[in-house]
Structures are given as structure tokens and as C-alpha cells.
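1. With the sequence up front, the predicted model follows.
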Amino acid sequence: MNETARARLRAAQKSESDALRAVTAAEKLRDKARDRLELAEAALSRAQVALVKVSGVGRTERLIGEPATALRQKAREVGLKPSQLE
């Protein structure tokens, strides 16, 4: 293999390594974003359930536009009884 071919091979390997490093970094960013989103979703659900406790499912649905079925499901997941939902 001549020196020119070796240089091209090294350049291609460096490009591949750089691209792989960029993919790995992007995956880490995506994973961090997913973790933050999960925390935000959990906080939103807790806040919605708290509103259901205070205002009931029907009123909460009208206030925030979340479907009543979704609100009931979230409330059941945290252990609220049907009598606590209305």
C-alpha cells in the first residue's frame, strides 16, 4: 500500500471515528432529554390529580382540556377512589 492510500485510509478512519463520537454524544443528550421529560410528565400528572381532588374530574376537564378518561386513569393510578373523583 502506498503512502497516499494509507493517508486516505487514516483520514477515512478519523472521519468515521468523529462521526461515531457525534452519534454517541447525541444519544447521551437524547437520554438526558427523555429523563427530563419523564420528570416533567410525572410533575404534570401529580398537578392534574391535585386539581381533580379539589375540583373534580368534570371541572378539571373544562379547566385544562385534558380528557376525563385520562384524568380518571391518572387519579386511579395514585389510588384515588371513584368517590374522590367527582
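-> Good, I have the coordinates.
2. residue ranges with poor pLDDT in this structure?
-> Low-confidence segments of the chain (pLDDT under 70): none present.
3. Check which element follows the lengthiest helix in the chain along the chain.
-> For the chain, the longest helix by residue count, based on DSSP state H, is helix 3-64. Per DSSP states H and E, the first helix or strand lying C-terminal to helix 3-64 is helix 68-77.
4. so that next one versus helix 3-64, what angle?
-> 100 degrees (axes from the mean of the first three to the mean of the last three Cα atoms, to 10 degrees).
5. just checking, what packs against helix 68-77?
-> helix 3-64 (3 or more Cβ pairs under 8 Å, 6 or more residues apart in numbering; DSSP states H and E). All C-beta atoms are positioned from the backbone trio N, CA, C, and that covers glycine.
6. Report all helices and strands that the helix it packs on contacts.
-> By 3+ Cβ pairs under 8 Å, 6+ apart, helix 3-64 packs against helix 68-77.
7. ok, and for the helix it packs on, which residues are buried?
-> For helix 68-77, burial by neighbour count (16 or more other Cβ atoms under 10 Å) applies to Leu71, Arg72, Lys74, Ala75.
8. what's it in contact with?
-> If you take Cβ atoms under 8 Å, 6 or more residues apart in numbering as the criterion, helix 68-77 is touched by Ser45, Gln48, Val49, Val52, Lys53, Val57, Gly58, Thr60, Glu61, Gln84, Leu85.
9. Between which two of those residues is the distance greatest?
-> The distance between the two most remote of these (Cβ to Cβ) is 18.4 Å, for Ser45 and Gly58.
10. Neighbour count: these two, which is higher?
-> Ser45 (18 against 13; other Cβ atoms under 10 Å).
11. Please report how far that one lies from Glu66.
-> Distance, Ser45 to Glu66, using Cβ to Cβ, to the nearest Å: 10 Å.
12. Equivalent analysis for Lys74, please.
-> 9 Å.
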